[in-house]
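**Student:** predicted coordinates and the sequence they were generated for:
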Amino acid sequence: MKKFNTFLLMTSIALTIQAHAAQVIQPESATVIEMSNRDMNRIYCQNGAVNDVHHSEEKPVKITQDGKNAFVKFLIEVNPMTGEKKYASQSIEAYIVCDGAVYSLIMKPKNVNSKTVQLGSVDTNKIYENIKTLGSLPEEERALKLTLEALKDEMPESYTVKVNTTDLKIKVIPDTVITRRRDIKVDGLDLELTEYNVRAENDVQLHEQMFLNSVFGNNIFAVTIENHKLKNNQMTRLFIVKKQVLQ
C-alpha cells in the first residue's frame, strides 16, 4: 500500500471569516463569527422564522428578532466626563432558534463593517451519521480518515461534497500552479477538507510546510501531498484539512 505523509498542526489556528461575503452556518455545532462592534449586524434564517434568541443579559449586546431576521448591536460605553467611546471587544455566546433548530454562535466584536450571517439547514441524519462514525476518534485520526477517503474517492453519503467549477490558478509556491478541485465537509464536526491539483512548472520537491499559507486558510489542521517529488509538467494532489477552533 502506498504510504502518504500527513503533516499535522498541533497548535490551534483561529478561524478567519472572509469579510466580503455573508457567512452561512449550520446547526448543532458552535460557530465563531466576527461582527461589527460599531454597526448593526444581521442574522437571517433561510428556511423559516427566528423563533427565539438566548444570551447572557449582563453582556454588552442587544439582540432583537423580527420574522426571519435577528439584529445584533454591541453596546458602546461612553465616558460621561470625556465623551470617549469604548467599543466591545470580548466574545459573546448566543443561541438562535431558527425554524426549530438551535444555532450556537460565538460572536467576536471587531472594528469591521456590518456583517450578515445566514442560518442554513442541513440533513440531521447526516450529522448523526458523521458523529456516530467519527465523533469518538481523536482529531488527528479524524483528519487522517477524511484524507484517506478523499484519496480513494470513497466518501460516505453523509459528507457534503462541492466540486469547484472555476479555473482560478494559485501561484504562491515556486515552480507550481495550483487549482482548487473540491471541498468536502463533515457536517456536525466542524471538519472540512479542500483538495487541490498541483502541477509542476519545473522539477520541484514539495513538503507539507510549504502550504501553511493563509491563501489555503488560517485554520489549517493537516496537510497531505500525494507525491512530493515532481518533474516538469507532472501533477499531484494536495489535501488540506481545516477545522473550526473556538476561542
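**Tutor:** Yep, it's here.

**Student:** show me what the longest helix belonging to the chain is packed up against.
**Tutor:** When the chain is scanned for its longest helix (criterion: DSSP state H), the result is helix 139-151. Helix 139-151 sits against strand 6-8, helix 124-134, strand 176-186, strand 191-200, strand 220-225, strand 235-243, with contacts defined as 3 or more CB pairs under 8 Å, 6 or more residues apart in numbering; DSSP states H and E. Yep, even glycine has a C-beta here, placed from its N, CA and C like the rest.

**Student:** now the third one: average pLDDT?
**Tutor:** What it means is strand 176-186. Taken as a whole, strand 176-186 has a mean pLDDT of 93.

**Student:** please shift the residue numbers so they start at 34 in all later answers.
**Tutor:** Done: numbering now begins at 34, and the last item shifts to strand 209-219.

**Student:** quick one, it and strand 268-276 angle?
**Tutor:** Following axes from the mean of the first three to the mean of the last three CA atoms, to 10 degrees, one obtains 40 degrees for the angle between strand 209-219 and strand 268-276.

**Student:** let me know the angle separating strand 209-219 from helix 157-167.
**Tutor:** Using the same axes, to 10 degrees: strand 209-219 against helix 157-167 is 100 degrees.

**Student:** with the fourth one instead?
**Tutor:** An angle of 80 degrees separates the directions of strand 224-233 and helix 157-167 when computed by the same axes, to 10 degrees.

**Student:** other residues contacting strand 224-233?
**Tutor:** 167, 175-176, 179-180, 183, 203, 206, 208-219, 239, 249-250, 258, 263-276 (CB atoms under 8 Å, 6 or more residues apart in numbering).

**Student:** so how far is that strand off the chain centroid?
**Tutor:** For strand 224-233, the distance from its own C-alpha centre to the chain's C-alpha centre is 16 Å (CA atoms, centre = their mean, to the nearest Å).

**Student:** dump that strand to PDB, keeping only the CA atoms.
**Tutor:** In PDB, the C-alpha atoms belonging to strand 224-233 read as follows (Å, rounded to 0.1, in the frame of the first residue of the first chain):
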ATOM      1  CA  LEU A 224     -14.200  19.400   9.800                       C
ATOM      2  CA  GLU A 225     -13.600  20.200   6.100                       C
ATOM      3  CA  LEU A 226     -11.100  19.100   3.500                       C
ATOM      4  CA  THR A 227     -10.100  21.000   0.400                       C
ATOM      5  CA  GLU A 228      -8.400  19.100  -2.400                       C
ATOM      6  CA  TYR A 229      -6.100  20.800  -4.900                       C
ATOM      7  CA  ASN A 230      -4.400  19.800  -8.100                       C
ATOM      8  CA  VAL A 231      -0.700  20.800  -8.100                       C
ATOM      9  CA  ARG A 232       1.200  21.000 -11.400                       C
ATOM     10  CA  ALA A 233       5.000  21.500 -11.600                       C
END
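
**Student:** so what secondary structure elements neighbour the very next helix or strand once past it?
**Tutor:** Using DSSP states H and E, the helix or strand that follows strand 224-233 towards the C-terminus is strand 237-238. The helices and strands touching strand 237-238, judged by 3+ CB pairs under 8 Å, 6+ apart, are strand 262-263.
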